[in-house]
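Undergrad: sequence? don't have it. structure:
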């Protein structure tokens, strides 16, 4: 018997699953699992029955078979009388819930262990609260800096306390809808307390031993605090505590200019604070293409945000309510003073209290859990997903990994993690979005590259918005003209990048983009204009890239 996974389009309900299953049964397939939510059917075929026969049967049932993958069979979890659960998940964020829901769909008995607030980083202290406040900051900034003649707009000082209250109400609502209410709906158990491994199949929670056949560690990460002399004696803020302030500070210093520092620094600038971003590297977003760094640096400078790069930290001290950051820049000493200090220098995996060595789980140099291509740790019973592995720090990546872990740990599918094409968005204004390879990365992988750089002031949407600071950059294989990377600094870049993601994922070429119809006066039209820029001067084209 050989086991296959076939993508199936057209299934919309459990009745469709039944139709596909019957069609496969009629050709002798066994162990059939059709799932309309995942758009796939997994089944075994007897020796002598080709997978093309199965695809034909699916087509005759009026569904559309797609890509085929042969699956290496693995033991599917069967509840053991000697364990309490099929699957225990430690953590309750995006990876945890995605995994729990899928495991329940497989019929597993599932428990989730959470030591704090259900929902993890994204809904509680990350994406949701920061993005709703960022929107508020944008509105306040535009009210004070309206680019249109004849419009008389203004903004008073921000009353932060009610804004934070409104943010907290939204967080509570979404946490209830998207997390807490789903526990009863899907029927898994929530155990409140801190989990600590006793051995490879046992954790201790609240003084009680709980066992399972499989585990998922999805405990996320927390703000990382750098080693700078004096910092431990200063009242500094993290990305969590900053979002609970009740008053906008007069001045805010941000140590670290990654996506968290940039978003939150600009947020408080837009709310009325004088903001200084400080970082060790010579340019913002040093891992990105230079054109991207230059565009966002220009935007921040135009908005009045102070950006200081190439610093060496000497010490930090507090004088009354004033925080003083002593730095050296190009051999010159400088003191940066402010009422509030935000430390935004990365994330540290939450693994310290898990007692992982007792379970035979290996960690890396930063405390991250080491996993293989199946999301499995060094202990074959235990999987890990999300920020605790220090992979791409996005909730959609965590949810993907969590679901895949359940497929492998409970469903026995042996699916491989595929993070070759992961879009990333920084929600500054203008926003930054990127997918695929930078020009440098493409060259390091042996590609001969051809690039297109399109300033935002040649994109009609930006012109009518009167916000023209930004850039589109496409990186292509010079031989095949396949799109290798898409990088954007523009309003709504996060929406635009999904089209770029599809282009990179499915190997579209520059010509494919050129020949597609792009709606006029949308920011996404910039992708087509950038494709045209490979061999045309777009400033000499008519409207709609004609």
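TA: Right, received. Where do you want to start? Here the structure is a predicted model, which means the values were calculated and not measured.
Undergrad: quick one: the strands in the stretch 151-300 of the chain, in order.
TA: Applying DSSP state E, counting those that start in this stretch to the stretch 151-300 of the chain gives strands spanning 189-192, 195-199, 202-205, 208-217, 221-223, 251-255, 274-278.
Undergrad: sheet-wise, list the partners of the shortest one with their directions.
TA: So that's strand 221-223. When sheet partners are counted by DSSP bridges, strand 221-223 sits next to strand 347-349 (antiparallel).
Undergrad: and residue 165, what pLDDT?
TA: Note on residue 165: pLDDT of 98.
Undergrad: so which strand or helix has residue 69?
TA: Here residue 69 is covered by strand 64-71, with elements defined by DSSP states H and E.
Undergrad: what average pLDDT does the next helix or strand after that strand get?
TA: The C-terminal neighbour of strand 64-71 among helices and strands, as given by DSSP H and E, is strand 85-90. Looking at strand 85-90 alone, the average pLDDT works out to 98.
Undergrad: now the element after strand 85-90, going C-ward?
TA: Beyond strand 85-90 in the direction of the C-terminus, DSSP H and E gives the next helix or strand as helix 94-105.
Undergrad: residues in contact with that next one: which ones?
TA: The set of residues that contact helix 94-105 without belonging to it, under C-beta atoms under 8 Å, 6 or more residues apart in numbering, is 35, 86-87, 89-90, 110, 112, 120, 122, 178-179, 182, 186-188, 216, 218, 385-386, 395-396, 398-403, 405-407, 409-411. Yep, even glycine has a C-beta here, placed from its N, CA and C like the rest.
Undergrad: re earlier: and among the strands of the stretch 151-300 of the chain, the most buried is which?
TA: Ranked by mean neighbour count under mean count of other C-beta atoms under 10 Å, those are led by strand 251-255, which reaches a mean of 25.
Undergrad: let me know the angle separating it from strand 274-278.
TA: What separates the directions of strand 251-255 and strand 274-278 is an angle of 10 degrees, with axes from the mean of the first three to the mean of the last three C-alpha atoms, to 10 degrees.
Undergrad: other SSEs contacting strand 251-255?
TA: Packing partners of strand 251-255 (3 or more C-beta pairs under 8 Å, 6 or more residues apart in numbering; DSSP states H and E): helix 259-270, strand 274-278, strand 322-329, strand 332-338, strand 340-343.
Undergrad: contacting residues for residue 400?
TA: Residues in contact with residue 400, defined by C-beta under 8 Å, 6+ apart, are residue 98.
Undergrad: so it, which of the three states?
TA: When states are read from DSSP: H, G, I helix; E, B strand; the rest coil, the local structure at residue 400 comes out as helix.
Undergrad: tell me how far it lies from residue 259.
TA: 19 Å (C-beta to C-beta, to the nearest Å).
Undergrad: and the residue nearest in space to the middle of the chain, what does it touch?
TA: With distances taken as C-alpha atoms, centre = their mean, the chain has residue 394 as the residue nearest its mean C-alpha position (1.6 Å). Residues in contact with residue 394 (C-beta under 8 Å, 6+ apart) are 422, 424.
Undergrad: repeat for residue 274
TA: Shown in contact with residue 274 (C-beta under 8 Å, 6+ apart): 250, 251, 252, 306, 338.
Undergrad: beta partners for it?
TA: The residues listed as beta-bridge partners of residue 274 by DSSP bridges are residue 251.
Undergrad: roughly how far does it sit from residue 337?
TA: In this structure, residue 274 and residue 337 are 10 Å apart, going by C-beta to C-beta.
Undergrad: need the residues touching each of these two.
TA: Residues touching both residue 274 and residue 337 (C-beta under 8 Å, 6+ apart) are residue 251.
Undergrad: okay, now the unreliable bits of this protein?
TA: Within the chain, the stretches with pLDDT under 70 are 72-81, 540-546.
Undergrad: secondary structure class for the closest residue to residue 525 other than its chain neighbours?
TA: Computed as C-beta to C-beta, 6 or more residues apart in numbering, the closest residue to residue 525 that is not its neighbour in sequence is residue 518, at 4.2 Å. Per three-state DSSP, the secondary structure class of residue 518 is coil.
Undergrad: what's the answer for residue 378, then?
TA: Using three-state DSSP, the three-state assignment for residue 378 comes out as coil.
Undergrad: for the closest residue to it other than its chain neighbours, grab phi and psi.
TA: Nearest residue to residue 378 in three dimensions, chain neighbours excluded: residue 362, at 4.4 Å (C-beta to C-beta, 6+ apart). As for residue 362, its main-chain torsions (degrees, to the nearest 10) stand at phi -90, psi 150.
Undergrad: also the one 10 residues further on?
TA: Recorded main-chain torsions at residue 372 are phi -100, psi -170, according to degrees, to the nearest 10.
Undergrad: ok, it to residue 386 distance?
TA: With distances defined as C-beta to C-beta, the gap from residue 372 to residue 386 amounts to 16 Å.
Undergrad: ok, now residue 263?
TA: Between residue 263 and residue 386 the computed distance is 20 Å (C-beta to C-beta).
Undergrad: the more surrounded of the two?
TA: Looking at residue 263 and residue 386 with other C-beta atoms under 10 Å, you find the greater number of neighbours at residue 386, namely 37 against 22.
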